[in-house]
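Trainee: Sharing a sequence plus its predicted fold:
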Amino acid sequence: MGYEPSDILLVEDEPAHAELTKRAIRKARNTNRIHIVTDGEKAFDYLYNRGKYKDKVKYPTPGLILLDIKLPGIDGIEVLKKIKEDPKLKQIPVIMLTTSEREEDIVRSYEHYANSYLTKPVGFKEFEKKIMQIDFYWMILNKPPVL
């Protein structure tokens with residue numbers, strides 16, 4: 001399976017949050033492509049190159065997944081579980097990026113091997129700064145495994 005450390009998969013159902021995240025990542029300029037899907041089923045379609053995502057060149061395995069917990073249908077915890085149980089996907093860093101500050105969500109995320117859990121700030125500038133820090137750390141400083 002191809003591994004593109006400069007590609008990010010954003011799994012976010014809220015269009016405004018997706019757009020803010022995409023804008024902040026682009027502003028950091030450390031990423032080639034940002035792929036956005038709006039629910040858990042589409043995340044699996046992307047990760048397993050099914051349906052409209054079957055072109056592995058156009059939709060490569062991402063180097064980072066930003067995953068919301070509250071998704072329609074299959075929720076973010078279920079997506080996380082499946083990613084971390086799959087030998088071909090489990091090494092991809094998954095950051096839970098969500099509005100939930102519930103202790104239960106935090107604990108469940110780490111129980112299923114999330115690499116990080118971050119809450120979305122309310123203000124745009126604070127949100128942008130947090131996303132740029134995520135991008136810098138995971139796309140520049142972090143040394144990913146060679147698959």
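Mentor: Alright, I've got the coordinates. Numbers count the residues shown, from 1 in each chain.
Trainee: what ranges do the helices span in this structure?
Mentor: Across the chain, reading from the start of the chain, the helices by DSSP state H fall at 15-28, 40-47, 76-85, 103-111, 124-136.
Trainee: Reformat those helices as CSV; add mean pLDDT and mean neighbour count.
Mentor: For the C-beta atoms, the positions are set from N, CA and C on the backbone; glycine is no exception. As requested, the helices of the chain are arranged in CSV below (pLDDT from 0 to 100; neighbours: other C-beta atoms under 10 Å):
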stretch, mean pLDDT, mean neighbour count
helix 15-28, 84, 16
helix 40-47, 98, 21
helix 76-85, 98, 20
helix 103-111, 95, 14
helix 124-136, 78, 16
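Trainee: Check whether residue 116 really touches residue 106, as I assumed.
Mentor: No - look at residue 116 against residue 106 with C-beta atoms under 8 Å: they stay out of range, at 10.7 Å.
Trainee: who's in contact with the nearest residue to residue 46 once chain neighbours are set aside?
Mentor: Excluding the flanking residues, the one nearest residue 46 by C-beta to C-beta, 6 or more residues apart in numbering is residue 53, at 4.5 Å. Residue 53 sits next to 45-46, 59 when contact means C-beta atoms under 8 Å, 6 or more residues apart in numbering.
Trainee: now these as a markdown table including distance to residue 126?
Mentor: Listed next are these as a markdown table, based on distance: C-beta to C-beta, whole Å:
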| residue | distance to residue 126 |
| --- | --- |
| 45 | 32 |
| 46 | 29 |
| 59 | 31 |
